[in-house]
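>>> Next come a sequence and a model predicted from it.
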Protein chains: 12
Amino acid sequence: MKILVIHGPNLQLLGAREPELYGRASLEEINSSLGEIAQREKVTIEVFQSNHEGEIVDAIGRALGLVDGILINPAAYTHTSVALRDAILSVKIPTVEVHLSNIYAREEFRHTSLIAPVAVGQVSGFGPRSYCLGLEALIYLLRDRLHARH
Amino acid sequence: MKILVIHGPNLQLLGAREPELYGRASLEEINSSLGEIAQREKVTIEVFQSNHEGEIVDAIGRALGLVDGILINPAAYTHTSVALRDAILSVKIPTVEVHLSNIYAREEFRHTSLIAPVAVGQVSGFGPRSYCLGLEALIYLLRDRLHARH
Amino acid sequence: MKILVIHGPNLQLLGAREPELYGRASLEEINSSLGEIAQREKVTIEVFQSNHEGEIVDAIGRALGLVDGILINPAAYTHTSVALRDAILSVKIPTVEVHLSNIYAREEFRHTSLIAPVAVGQVSGFGPRSYCLGLEALIYLLRDRLHARH
Amino acid sequence: MKILVIHGPNLQLLGAREPELYGRASLEEINSSLGEIAQREKVTIEVFQSNHEGEIVDAIGRALGLVDGILINPAAYTHTSVALRDAILSVKIPTVEVHLSNIYAREEFRHTSLIAPVAVGQVSGFGPRSYCLGLEALIYLLRDRLHARH
Amino acid sequence: MKILVIHGPNLQLLGAREPELYGRASLEEINSSLGEIAQREKVTIEVFQSNHEGEIVDAIGRALGLVDGILINPAAYTHTSVALRDAILSVKIPTVEVHLSNIYAREEFRHTSLIAPVAVGQVSGFGPRSYCLGLEALIYLLRDRLHARH
Amino acid sequence: MKILVIHGPNLQLLGAREPELYGRASLEEINSSLGEIAQREKVTIEVFQSNHEGEIVDAIGRALGLVDGILINPAAYTHTSVALRDAILSVKIPTVEVHLSNIYAREEFRHTSLIAPVAVGQVSGFGPRSYCLGLEALIYLLRDRLHARH
Amino acid sequence: MKILVIHGPNLQLLGAREPELYGRASLEEINSSLGEIAQREKVTIEVFQSNHEGEIVDAIGRALGLVDGILINPAAYTHTSVALRDAILSVKIPTVEVHLSNIYAREEFRHTSLIAPVAVGQVSGFGPRSYCLGLEALIYLLRDRLHARH
Amino acid sequence: MKILVIHGPNLQLLGAREPELYGRASLEEINSSLGEIAQREKVTIEVFQSNHEGEIVDAIGRALGLVDGILINPAAYTHTSVALRDAILSVKIPTVEVHLSNIYAREEFRHTSLIAPVAVGQVSGFGPRSYCLGLEALIYLLRDRLHARH
Amino acid sequence: MKILVIHGPNLQLLGAREPELYGRASLEEINSSLGEIAQREKVTIEVFQSNHEGEIVDAIGRALGLVDGILINPAAYTHTSVALRDAILSVKIPTVEVHLSNIYAREEFRHTSLIAPVAVGQVSGFGPRSYCLGLEALIYLLRDRLHARH
Amino acid sequence: MKILVIHGPNLQLLGAREPELYGRASLEEINSSLGEIAQREKVTIEVFQSNHEGEIVDAIGRALGLVDGILINPAAYTHTSVALRDAILSVKIPTVEVHLSNIYAREEFRHTSLIAPVAVGQVSGFGPRSYCLGLEALIYLLRDRLHARH
Amino acid sequence: MKILVIHGPNLQLLGAREPELYGRASLEEINSSLGEIAQREKVTIEVFQSNHEGEIVDAIGRALGLVDGILINPAAYTHTSVALRDAILSVKIPTVEVHLSNIYAREEFRHTSLIAPVAVGQVSGFGPRSYCLGLEALIYLLRDRLHARH
Amino acid sequence: MKILVIHGPNLQLLGAREPELYGRASLEEINSSLGEIAQREKVTIEVFQSNHEGEIVDAIGRALGLVDGILINPAAYTHTSVALRDAILSVKIPTVEVHLSNIYAREEFRHTSLIAPVAVGQVSGFGPRSYCLGLEALIYLLRDRLHARH
């Protein structure tokens, strides 16, 4: 079982960036927590960060047939990227959307997600733990579907 | 550590109600899964279901000073209850909002949550597992805050 | 064949309440007219009035498996209750929505019904006779469906 | 007592047109059911179908002083015709609006009726039976008003 | 002269609840201040608090013919309850609406009151004193109307 | 100089129709007043009434090259007819829009005119005199343009 | 019979100001045309121009009991002045609104008039002649009302 | 294979009407180009122009069972005719929508098409050539469907 | 303690103006009632009425450092004056907003107050008594703040 | 004559991606069809696909002075890219917009195109044939303009 | 070269007024900085402050033919004054709009400027320096236009 | 002191692109003017142009700790890029936003800037000089903050 983890724009600055909003953990620390879960659950994860909408769309397109699930924090592209939404729709890979902060307690334009309607589910507001919960949710879900098929 | 679990309107019908949307698990089965997590994590949970907005508001008011965290699936009241929002604001108990289905893939009026801005975080779309992930997220969060105070 | 008749909030005041808008018939007189139709058509009706959204949701939930059709005047909850809509959706019992007054000739916020999209049909504007027409429509409809199944 | 029955645009195709939405009864069958009710209730009905907004407005104008009530399914003109609304306002003949399908369970633009605020009442969602219920409602209403005048 | 005082949802927590927004006075202290005014002005007051929309609607319905005026802080139901609005409309008892905080300096959704159009007047923003000013306004108003009738 | 006078839908009922809103003058009386002005000003007028959007569009199309100005009371089509607007745009004949009643003091949907932006000017609210003022305005305007060309 | 003619803001610049939009006639020329009509019709006119909303409101207030009709080109205040609207409402003097240009063929925010709903009628789009037509309409209207009273 | 070509309101003026927007070709020239394509492609076309919404709806209704495809330039009715949309929905004949001008580069109200959601596809902005491209697209499409059925 | 009382536009007409809406008391009578309260409460009041937005803004600016509280009925400027709002914000003098009529039971545009969010509180709907209640509320409030500072 | 063909985001997946919506043809097959038309019509085409908004903007900028026309399927960027719109505006190269699916029969946010107002015309809903029709339309158009210049 | 500097409402309070938002500089200090720039650049400036919309409109009207450019901080009138916008449009004097604070980081209603579309350009957010930058920009611009004319 | 100058999408075409809107200066000429100011003011500038949202976000992220201020013309991304806004928010480097044209005099969608609320200030409408004024404003601002810290 292989899972693609995608970190959207500005997440390379995590820890340095607005710690009162996003927490003090760096992206490396988050990736390392995800790695531990992956190892424990015996799944492979591939981690990818980009500030480029196009590169994220490329990555999702390349994942077709190679990846079983996607864990994505679309960050700013949550609210503006139809291309990202179409990419997820096109490859039909089960996708879980996570957010570090509670986007519903922030500016109005952050309350609408173009990704949510094409994702399986969302986890938001728990800081780095949103990723861990999201990964676990995704793994359980993929296993359920696997079992359902047998 | 004591956690109040609130199931909103129509959730007493779970399993019987639109299983293609909400899954086949009954509320009892969900409560029993939550009980196992509570036992494992050595926290006490109190479970409460009501179709009455007023009873849920009563319950949150009574929880003041007695409960450390609230796990709530506000169901239909997510979109209409300012009273529920005010109750959570009033008691200032950390609250996690969960939904069985992906509310962002349903009717437009279900995309707005009056509860989300006053909750710590949300988990939605994973069926009964949304509750389990939400409970774990809440326990971790309460422990973090406990540690931070010492 | 059993039909649950639900009168929403403030309908206990009927006759006393704004007679120029709702007519002079009391709720008892309406119920008695409905009883005559029921007797003539050989169906059982159970009548229920409540000002509590939660009690109406409870009643619909309890009706699951016991009732063949619902005749409802949701009154004020027509415009605000997602819980009531979800209850009807959950039990999947054919429901007819009636209104005493022509809600489209009143304030703007009364033009939108949260119940209409989940009801089979609506009758509005004919005063107490809206209930009678609605009950007849519901009985015919249930008989058609019964025949279609054989 | 004379009643003008008006069938709006595309209703000449009834039965042939989207039977899963509008049922299999043809316009002739509906007219024949209405004729039976009229005979039973000893009222005269005049039936009129047109796809032309202008012809319907002409017909309503000509009805002034000759007709006691109007039963209308304005179909598509429900949502777009101010001319039709003004015609009903002008002649001040009591008018009942009927719809075959539940227009509130269809596209957003079908939820607004320009006719509803000037009609006495509405019946919708019961297929051909919407017409029958509407005709009965109209006859009762005209008799009530007749009695009230004496 | 008898006046019904209604405290809406979450007001049982007053004093404990967000004192920086609602002040430190408890509901008992407010009721006691109202009692002093009532005694001084020689009117009877009956005080009622509920978190249940339905119970408040029940109370207003029961007041018909027994109560001369209503003083209400509808709290959260200000913005969501058509049932409460209809109850006030139905009993036609002069009603004064009060708010502890300045609702116009808070979230957008608190700027709209469903109750205001059916109330005689409003007092808001003066903390517990909003109640006292509202009660005095209501008593003067009822006396004026009494005088006008003689 | 030839002027086409167009009366829109339901204006055949003038005098009979809502006299408190539109006055007691019949369409014949208005036409006769217009005839007197025409005779006095030595212009020819052609009068046309129709309830059919298409017939009005036909008439405007036929006027191309034969008529110097159009005086129109588009009535209900004011608010709904893009076809009428396009007809006026197509033939490029100077057009004056008149209304009997003050459309800005009526329902919201009557405040928007699709015709106004393609008309030279508007006269509204003066009953039958709106027509007379509009015709005089149109004649003066056509003479000005005639003079300007010489 | 006395009529108050009010010219709103920036109209002192007429002729100098955007002649392609407002024509080349100066305010003096317009006033002189109005004077000729007044003399012919044997009414008194008082002319007033101000760029100050407050001065126009003052003038309307002072007119109470002294003036029979108001002819106003509210210019920019058409779209923004509730104070002007309230002044006209308060004095209840019949008011005719005129505009030089066709405001419906200009920017969106010029399509809404706060004055129109409280005016008797409007004349717009005929340049200086809008004033002349408006004055004549007002005089006829006042005479009709005078006759109606006898 | 038979195709019905429908030209909407004001298109009879083509060539004469706003040539800078719609080009200099007359409707006859367009029909003759379409005739050449039809002959070349061995299909029959029937051409129809009307300014009447009702006549276009009639024509579509009559086409049921006799025509294989519809090529329509709904012109002004694009933006206002639910009746036309319902007619196309009712007969279920594959329909291609064409426009001479680029409607998206014109007034806001022309950006919404009521016809587009029920058409197979659209061609717009290429002047008379929009018709030719649309006819070719329709013929290819009908042939594809024919082949698919065999 | 000095309080500035501001009466906004058209209030000089009080008593004369729409008595059915604003009551029969003149501004002088209101000022005299306010004077009695001031004398009883041993505060100085300065009364000011203007129809000019600019004069009211001037007056508030001059009050800086000289006045302890402002009692204002902004009348029409309630809904349109950002300048008035900014003046109150700038001088930071506690301000109470009063209205004679219940603005929430009138036209939609009167439901929004630009002043409310910068005022301490509002009293509306009690006719001239709104001023008296507002003045009392302001005096109590200023005394509370004075006490709090000691 | 040289034409730049641009395929927007996710079109590299064509055939694999949602075939029920976009058809089974791969991008290579579409390009090969376009190549055949180009050869037949003796024009050069250059084909370009990218998921990167920036790369498409780069390509259009580079085309300035080198390319005679642009055929573009902006896909998801249709609805979100002002940069793409500005690029087309900047280089002033005639551009035809094509879509495989009928975007007007899909989600609301797909009904608005930022590109349409700056394109010459659109072809949508015909699957891969949209490209072929669009290329032919573009070639004819460029030839017309070439002829018009001679 | 002569430049009119206009300070809008409440700016007389500058320095005293909300210094955390508008800085500590008084209007005199700003005027003195502007005077220095004017002297250095050999232009004449005339400075004007008013809280009265009408006085500002008067001043702009009087400037016609006497002033080469206008530097304006419209303050609150930015968002509400069509009269000010029309004055600038009427005199056609190049106008630069400045704001002390970043109006886009404040309340929603401050994001819309009625003045911006008729100004040459804007400078905002730099405190008193916004004026200096705006004056320099205006001088350069007027010189460019002067040169361009020779 | 080091300043990063960012030119957004399509600005590489400056001079060639719509000179009537953006002027005839090329990007090189603008950069060279900025260089002169930098040299005069003894600051270092680094210039960067990209059509890629992602590259601009990358550049801002890399600037963290290395750059004292950002001067940005976000061009098309002004209106669509939440990622760019988040980048500026993340690095907390003072940012000045400039525009060549007056964006408020163009299409509606250009009136909203996602960048403005997170920038210090804006300069727009002065062509290339917007950049020079913006750079000077930024340098002064950074010096002020530097002084304030000592």
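That came through, no problem.

>>> contacting residues for whichever residue of chain A sits closest to chain K?
Ranked by Cβ to the nearest Cβ, the top residue of chain A for proximity to chain K is residue A:108, at 9.2 Å. From N, CA and C alone the C-beta is placed, and that goes for glycine too. Under the criterion of Cβ atoms under 8 Å, 6 or more residues apart in numbering or on different chains, residue A:108 has no neighbours.

>>> How about residue A:110: what's its closest non-neighbour residue?
residue A:103 (4.6 Å; Cβ to Cβ, 6 or more residues apart in numbering or on different chains).

>>> Please identify which residue in chain A comes closest to chain D.
Closest point on chain A to chain D, by Cβ to the nearest Cβ, is residue A:117, at 17.5 Å.

>>> Confirm residue A:4 sits in a helix?
No. The assignment for residue A:4 (DSSP: H, G, I helix; E, B strand; the rest coil) gives strand, which keeps it out of a helix.

>>> how close does residue A:47 get to chain E?
Per Cβ to the nearest Cβ, to the nearest Å, residue A:47 is found 39 Å from chain E.

>>> still on that earlier bit, could you tell me how many residues sit around the residue of chain A closest to chain D?
When neighbours are defined as other Cβ atoms under 10 Å in any protein chain shown, residue A:117 has 16 of them.

>>> sorry, back to before: do you know the pLDDT at the residue nearest to residue A:110?
pLDDT, residue A:103: 89.

>>> so it touches residue A:109, yeah?
No. Counting by Cβ atoms under 8 Å, residue A:103 stays clear of residue A:109, with 9.9 Å between them.

>>> Between those two, which has more neighbouring residues?
Higher neighbour count among residue A:103 and residue A:109: residue A:103, with 22 against 12, using other Cβ under 10 Å.

>>> quick one, what contacts that one?
Contacts of residue A:103 (Cβ under 8 Å, 6+ apart): A:78, A:110-111, A:113, A:124-125.

>>> Reformat the residues you listed as a markdown table; add neighbour count.
Shown next, in a markdown table, are the contacts of residue A:103 (neighbours: other Cβ atoms under 10 Å in any protein chain shown):
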| residue | neighbour count |
| --- | --- |
| A:78 | 24 |
| A:110 | 18 |
| A:111 | 16 |
| A:113 | 21 |
| A:124 | 28 |
| A:125 | 25 |
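
>>> how about a markdown table for the residues you listed, with pLDDT and secondary structure added?
A markdown table is the format used below for those (pLDDT from 0 to 100; DSSP: H, G, I helix; E, B strand; the rest coil):
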| residue | pLDDT | secondary structure |
| --- | --- | --- |
| A:78 | 97 | helix |
| A:110 | 90 | helix |
| A:111 | 89 | coil |
| A:113 | 93 | coil |
| A:124 | 96 | strand |
| A:125 | 95 | coil |
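
>>> which one of the residues you listed sits closest to residue G:146?
residue A:111 (60.6 Å; Cβ to Cβ).

>>> Any chance of the backbone angles for the nearest residue to the closest one once chain neighbours are set aside?
Nearest residue to residue A:111, sequence neighbours excluded (Cβ to Cβ, 6+ apart): residue A:104, at 5.7 Å. The phi/psi pair for residue A:104 (degrees, to the nearest 10) reads phi -80, psi -10.

>>> tell me, how many neighbours does residue A:104 end up with?
Using other Cβ under 10 Å, residue A:104 has 21 neighbouring residues.

>>> The closest residue to residue A:125 other than its chain neighbours bridge partners, please.
Closest residue in space to residue A:125, ignoring its immediate chain neighbours: residue B:121 at 2.4 Å, by Cβ to Cβ, 6+ apart. When assigned by DSSP bridges, residue B:121 has beta-bridge partners residue B:96.

>>> dump the residue contacts of residue B:121.
Residue B:121 neighbours (Cβ under 8 Å, 6+ apart): A:102, A:123-126, A:130, B:96-97, B:137, B:141.

>>> which of the residues you listed count as buried?
Among the contacts of residue B:121, those buried by neighbour count (16 or more other Cβ atoms under 10 Å in any protein chain shown) are A:102, A:123-126, A:130, B:96-97, B:137, B:141.

>>> thinking again about what came up before, want to try TSV for the contacts of residue A:103, with distance to residue B:69 as columns?
TSV is the format used below for these (distance: Cβ to Cβ, whole Å):
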residue	distance to residue B:69
A:78	27
A:110	25
A:111	24
A:113	26
A:124	17
A:125	13
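
>>> Looking at chain A, which helix is longest?
When chain A is parsed with DSSP state H, its longest helix is helix A:128-149.

>>> for whichever strand or helix holds residue A:90, packing partners?
According to DSSP states H and E, residue A:90 maps onto helix A:82-91. Packing partners of helix A:82-91 (3 or more Cβ pairs under 8 Å, 6 or more residues apart in numbering or on different chains; DSSP states H and E): helix A:53-63, helix J:77-80.

>>> List just the one of those that sits closest to chain I.
helix J:77-80 (32.5 Å).

>>> May I see the buried residues of the closest one?
Result for helix J:77-80 [16+ other Cβ under 10 Å]: buried residues J:77-80.

>>> Dump that helix to CSV, restricted to CA.
What follows is helix J:77-80, C-alpha atoms only, in CSV (Å, rounded to 0.1, in the frame of the first residue of the first chain):
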residue,chain,number,x,y,z
TYR,J,77,-7.8,27.6,-15.7
THR,J,78,-10.9,28.7,-17.6
HIS,J,79,-12.5,29.6,-14.3
THR,J,80,-9.6,30.9,-12.2
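
>>> does chain A sit close to that helix?
Yes. Interface with chain A: helix J:77-80 contributes J:77, J:79-80 (Cβ under 8 Å from any Cβ of the partner chain).

>>> quick one, what contacts the most centrally placed residue in chain A?
The structure's chain A has its C-alpha centroid closest to residue A:72; by Cα atoms, centre = their mean the separation is 1.4 Å. By Cβ under 8 Å, 6+ apart, residue A:72 lies in contact with A:5-6, A:8, A:95-98, A:115, A:119.

>>> rerun at 10 Å
Counting by Cβ atoms under 10 Å, 6 or more residues apart in numbering or on different chains, residue A:72 makes contact with A:4-8, A:48, A:56, A:59-60, A:78, A:84, A:88, A:95-98, A:115, A:119, A:134.

>>> if we can go back for a sec, how close does the residue nearest to residue A:125 sit to chain I?
In this structure, residue B:121 and chain I are 30 Å apart, going by Cβ to the nearest Cβ.

>>> One more: residue A:141?
46 Å.

>>> wait, doesn't that residue sit right on residue A:120?
Yes. Here residue A:141 reaches residue A:120: they are 6.3 Å apart, a contact under Cβ atoms under 10 Å.

>>> Give the residues shared as contacts by those two.
A:69, A:94, A:96, B:125-127.

>>> Quick one: those residues as CSV, columns for distance to residue C:52 too.
Listed next are the shared contacts of residue A:141 and residue A:120 as CSV, based on distance: Cβ to Cβ, whole Å:
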residue, distance to residue C:52
A:69, 44
A:94, 41
A:96, 39
B:125, 31
B:126, 32
B:127, 30
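
>>> From the residues you listed, pick the one nearest residue L:19.
residue A:96 (49.7 Å).

>>> Next one: residue A:7 from residue A:71, what distance?
With distances taken as Cβ to Cβ, to the nearest Å, residue A:7 is found 10 Å from residue A:71.
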